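Asks: make a model of this:
(chains A and B)
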2 protein chains.
Amino acid sequence: MEYRKIKDQDKDEDSVVDDVESLRGKPLSTAVSLGIGPIDRTVWKRKSMVTLALTVLTSSQAILIVWSKRAGRYEYSVTTANFLVESLKCAFSLVALGRIWNNEGVTEDNRLSTTVEEVIVYPIPAALYLVKNLLQYYIFAYVDAPGYQILKNLNIISTGVLYRIILKKKLSQIQWAAFILLCAGCTTAQLNSNSDHVLQTPLQGWMMAIVMALLSGFAGVYTEAIIKKRPSRNINVQNFWLYIFGMIFNAAAILVQDFDAVMNKGFFHGYSFITVLMILNHAMSGIAVSMVMKYADNIVKVYSTSVAMLLTAIVSVFLFGFHLSLAFFLGSTVVSVSIYLHSIGKLQR
Amino acid sequence: MEYRKIKDQDKDEDSVVDDVESLRGKPLSTAVSLGIGPIDRTVWKRKSMVTLALTVLTSSQAILIVWSKRAGRYEYSVTTANFLVESLKCAFSLVALGRIWNNEGVTEDNRLSTTVEEVIVYPIPAALYLVKNLLQYYIFAYVDAPGYQILKNLNIISTGVLYRIILKKKLSQIQWAAFILLCAGCTTAQLNSNSDHVLQTPLQGWMMAIVMALLSGFAGVYTEAIIKKRPSRNINVQNFWLYIFGMIFNAAAILVQDFDAVMNKGFFHGYSFITVLMILNHAMSGIAVSMVMKYADNIVKVYSTSVAMLLTAIVSVFLFGFHLSLAFFLGSTVVSVSIYLHSIGKLQR
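Replies: Just a heads-up that it's a prediction; the model follows:
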């Protein structure tokens, strides 16, 4: 694994401070008066903002999915939507880069041109996700959709383990305990009267679920490794190259899966207002994920998306009249305690 | 509250070392060679043994209840059985005392005679349990039996809070987190498809459940306060006086509730082999609870009975062909992490 261990704090602050979520010009006087260094404060603030953005975007994403399901089945082709999401992310990255070039000029760190050595690893996460998405079609031979939702919580454990192994970052004993609790709590919150079916999953189903969790965890951790390998490199350039390969892979998916449909009915057939909203939301969530990888890490990402899952359920009570189960309250309690333990369990440096 | 704060370790080791669970004559050489003081080692060993005894007795108790239910409904009067349990505990305490008197002679600490000042607080736990048992009849107007089992987990929280307030012992932040997890984990492990009914419990039901949890927690914590008030006093003398009042209260219950039945059908009507086993088990569990109060504390008791609940479920799979639910696995995971956190979260002294 070709990669360099980097601390959360980037050493080169100025080159990355201006990005899509511009944090420039924030008053630092309070931070200074509290005895916290302005750089620490900026780092903490940026980390919190990208985490908050990811949480809000992920939960609204799930709500949009529920909304679109209520409005009727997907009429549009999913591959074209995925392609548009990647294209939109590319466009956002270029717009952000344009602004930075205007303000700061083109530097070594924010120029778009790259080397083969830098870019060669960028297709790997996209390829891993592709394999995972292909497996997804086969796992449904062994588990139903709600069972798959339950098994997806294995991602939490695989991310923690791969984070430890690949990025060589340590979690404290308490943080490991918190991570197991996060997995148990999220699963508990999703329990319903049919959940026990998942225990009858045949061995092949379990194996596939574990492989998928490992692929998904590996893709996430590897993305973090790529982005953090060059801490001073502008995140928008890194995103641009990640998303370019996303576009290429999704264009290939359109050709393979939906070529006839797109040719006969048109690229935008079945698109509605909510489809556009979902594409916009996916694009922004994708950028938020990259930002979390750059300024925080995969652990923060997992916590963020878990909290988003709970928020979605609570918001759905008001929006769609859903009922919260006792299992949801218990799972939420366990997740809350897990977050608390993760924060107090920080390793003494 | 008349009581003196006592450390877990009794200062006066010799006077309490010989009791019902005689630990005398254990080899201490390994402890010494490990660099642990022989007294610390004895204290730790005794604490572990009484905790283990309580766990095993409590889980076998639950299994006996399942067994007796399978064998048919209760034919015997519960009040006579309770009275016999208290009498048996009294008898066990006296036998243990007799052995101690033979070995050590009668001392200030192991003599049975007492003062009004010592004994006046002993009826209080028995009275609290009586009030709680009376309330139990009324709460079923608001919740069903499975719902009541769920609500009984509030005992865990009430015991923790009252332990902190009345015994003024501190738990660390991590231990508090572990305690909340214990409550959530035990409840999760007991979830079934009807558990959500408990969320429809009317306010009166919740109030009664909370009052009952407080009464039960208060009785437990108060027993610990009584027993630990005189650390050098022999536990068998303390038990004798506790159980005497238990006998008196239960004799009154026979007179009030089952006088006619006992007079017409006889005291032992409907007793079977399993009834005798259950009475024996209850008596021994009761003594184990007292021992845990003396040599450990209410927190250990709560953990012990929670683990017993999980053990019961696992043993029932083999004995009665029960199925374990996904919720049980998740709850057990959370309880296990809670135990781990409790042990690593010890306050630095």
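Asks: close to chain B: what parts of chain A are there?
Replies: With the criterion set to C-beta under 8 Å from any C-beta of the partner chain, chain A comes near chain B through A:150, A:173-174, A:177, A:180-181, A:184-185, A:187-188, A:191, A:193, A:195-196, A:198-199, A:323, A:325-327, A:330-331, A:333-334, A:337, A:340-341, A:344. All C-beta atoms are positioned from the backbone trio N, CA, C, and that covers glycine.
Asks: so how far is residue A:222 from residue A:133?
Replies: 16 Å (C-beta to C-beta, to the nearest Å).
Asks: give me the more crowded residue out of the two.
Replies: residue A:222 (20 against 15; other C-beta atoms under 10 Å in any protein chain shown).
Asks: which helices and strands sit right next to the helix or strand in which residue A:256 is found?
Replies: Residue A:256 belongs to helix A:235-257 when assigned by DSSP states H and E. For helix A:235-257, the elements it packs on are helix A:78-104, helix A:123-139, helix A:203-229, helix A:273-295, judged by 3 or more C-beta pairs under 8 Å, 6 or more residues apart in numbering or on different chains; DSSP states H and E.
Asks: what is the neighbour count of residue A:98?
Replies: When neighbours are counted by other C-beta under 10 Å, residue A:98 registers 11.
Asks: gap between it and residue A:51?
Replies: Separation of residue A:98 from residue A:51 (C-beta to C-beta) stands at 26 Å.
Asks: same question, residue A:292
Replies: Look at residue A:292 and residue A:51: by C-beta to C-beta, they are 6 Å apart.
Asks: which of the two has more neighbours?
Replies: Each of residue A:292 and residue A:51 has its neighbours counted (other C-beta under 10 Å); residue A:292 has more, 27 against 20.
Asks: the more buried one: what's it in contact with?
Replies: Applying C-beta atoms under 8 Å, 6 or more residues apart in numbering or on different chains, we find residue A:292 in contact with A:50, A:51, A:54, A:300, A:301, A:304.
Asks: ok, 10 Å please
Replies: Going by C-beta atoms under 10 Å, 6 or more residues apart in numbering or on different chains, residue A:292 touches A:47, A:50-51, A:53-55, A:220, A:224, A:227, A:298-305.
Asks: so which of the residues you listed sit within helices?
Replies: A:47, A:50-51, A:53-55, A:220, A:224, A:227, A:298-305 (DSSP state H).
Asks: can you pull out the low-pLDDT segments for the stretch 201-349 of chain A?
Replies: Per-residue confidence for the stretch 201-349 of chain A (pLDDT under 70) gives these ranges: A:347-349.
Asks: before we move on, back to that, shared neighbours of residue A:292 and residue A:51, which are they?
Replies: A:300, A:301, A:303, A:304.
Asks: the second one and residue A:288 touch, don't they?
Replies: Yes - taking contact to mean C-beta atoms under 10 Å, the distance of 9.2 Å between residue A:301 and residue A:288 places them in contact.
Asks: ok, the spatially most central residue of chain A to chain B distance?
Replies: The centroid of chain A falls nearest to residue A:289 when counting by C-alpha atoms, centre = their mean (4.1 Å). Separation of residue A:289 from chain B (C-beta to the nearest C-beta, to the nearest Å): 27 Å.
Asks: ok, back up a step: what sits in contact with each of residue A:301 and residue A:288?
Replies: A:50, A:51, A:54, A:58.
Asks: does residue A:192 belong to a helix, a strand or coil?
Replies: coil (DSSP: H, G, I helix; E, B strand; the rest coil).
Asks: measure it to residue A:324 for me?
Replies: Distance, residue A:192 to residue A:324, by C-beta to C-beta: 12 Å.
Asks: got any residues that touch both of the two?
Replies: residue B:196.
Asks: per-residue confidence at the residue nearest to residue A:283 when sequence neighbours are not counted?
Replies: Nearest non-adjacent residue to residue A:283, counting by C-beta to C-beta, 6 or more residues apart in numbering or on different chains: residue A:88, 3.9 Å away. For residue A:88, the pLDDT comes out at 96.
Asks: dump the residue contacts of residue A:88.
Replies: A:243, A:247, A:279, A:280, A:282, A:283, A:284, A:286, A:287.
Asks: surely the first one touches residue A:289?
Replies: No - checked against C-beta under 10 Å, the pair residue A:243 and residue A:289 is beyond contact range at 11.4 Å.
Asks: residues shared between the contacts of those two?
Replies: In contact with both residue A:243 and residue A:289: no residue, using C-beta under 10 Å, 6+ apart.
Asks: could I have the helix holding residue A:256 exported to PDB, CA atoms only?
Replies: Coordinates of each C-alpha in helix A:235-257 appear next as PDB, following Å, rounded to 0.1, in the frame of the first residue of the first chain:
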ATOM      1  CA  ILE A 235      -9.100  19.100  -2.200                       C
ATOM      2  CA  ASN A 236     -11.000  20.300  -5.300                       C
ATOM      3  CA  VAL A 237      -8.200  19.000  -7.600                       C
ATOM      4  CA  GLN A 238      -8.300  15.700  -5.800                       C
ATOM      5  CA  ASN A 239     -12.100  15.600  -6.100                       C
ATOM      6  CA  PHE A 240     -11.900  16.400  -9.800                       C
ATOM      7  CA  TRP A 241      -9.800  13.400 -10.500                       C
ATOM      8  CA  LEU A 242     -11.800  11.100  -8.300                       C
ATOM      9  CA  TYR A 243     -15.000  12.200 -10.000                       C
ATOM     10  CA  ILE A 244     -13.600  12.000 -13.500                       C
ATOM     11  CA  PHE A 245     -13.100   8.300 -13.000                       C
ATOM     12  CA  GLY A 246     -16.600   8.100 -11.500                       C
ATOM     13  CA  MET A 247     -18.000   9.700 -14.700                       C
ATOM     14  CA  ILE A 248     -16.000   7.200 -16.900                       C
ATOM     15  CA  PHE A 249     -17.200   4.100 -14.900                       C
ATOM     16  CA  ASN A 250     -20.800   5.400 -14.900                       C
ATOM     17  CA  ALA A 251     -20.700   6.200 -18.600                       C
ATOM     18  CA  ALA A 252     -19.600   2.600 -19.200                       C
ATOM     19  CA  ALA A 253     -22.600   1.400 -17.000                       C
ATOM     20  CA  ILE A 254     -25.000   3.400 -19.200                       C
ATOM     21  CA  LEU A 255     -23.600   1.800 -22.400                       C
ATOM     22  CA  VAL A 256     -23.800  -1.700 -20.900                       C
ATOM     23  CA  GLN A 257     -27.100  -1.600 -19.000                       C
END
